[in-house]
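Student: all I have is the shape, not the residue letters:
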């Protein structure tokens, strides 16, 4: 399909849109998690852009606060899914060590 301009794209793309109702308790913490993870990434980006990757104690403390926010949102999502952080952490290590043993620690795909 040829796109004449962004107005055309906007009109055509709208044909594929559907309203997705989000009245569910997992939506807010999921959006919060992505927002806070973005804040962590932004701070790390600036460390390399502005400070050649040198992490000061002030930077470390700022990252700790942001990581705490990430943890809070993750805990809320786990609670909504009736999962404990403990079981999520354990399942993650089982998955990672299985990949390590099979020589699949690097690469793409959830089921590698």
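Tutor: Now that the structure is in, tell me what you want to look at. Being a predicted model, the structure only gives us computed values, none of them experimental. Numbers count the residues shown, from 1 in each chain.
Student: quick one: contacts for the residue nearest the centre of the chain?
Tutor: Among the residues of the chain, the one closest to the centroid is residue 34, at 4.8 Å (Cα atoms, centre = their mean). Shown in contact with residue 34 (Cβ atoms under 8 Å, 6 or more residues apart in numbering): no residues. The C-beta positions use only the backbone N, C-alpha and C, and glycine is treated the same way.
Student: do you know how far it is from residue 63?
Tutor: Applying Cβ to Cβ, to the nearest Å, the value for residue 34 to residue 63 is 17 Å.
Student: could you do residue 87 as well?
Tutor: 26 Å.
Student: looking only at neighbour counts, state which of these two leads.
Tutor: Neighbours were counted for residue 87 and for residue 63 using other Cβ atoms under 10 Å; residue 63 has more, 16 against 10.
Student: which residue ranges of the chain form strands?
Tutor: Using DSSP state E, no strands are found in the chain.
Student: any stretches of it with poor pLDDT?
Tutor: Judged against pLDDT under 70, the chain has no low-scoring part.
Student: could you rerun that using 90?
Tutor: Low-confidence segments of the chain (pLDDT under 90): 1, 20-22, 107-112.
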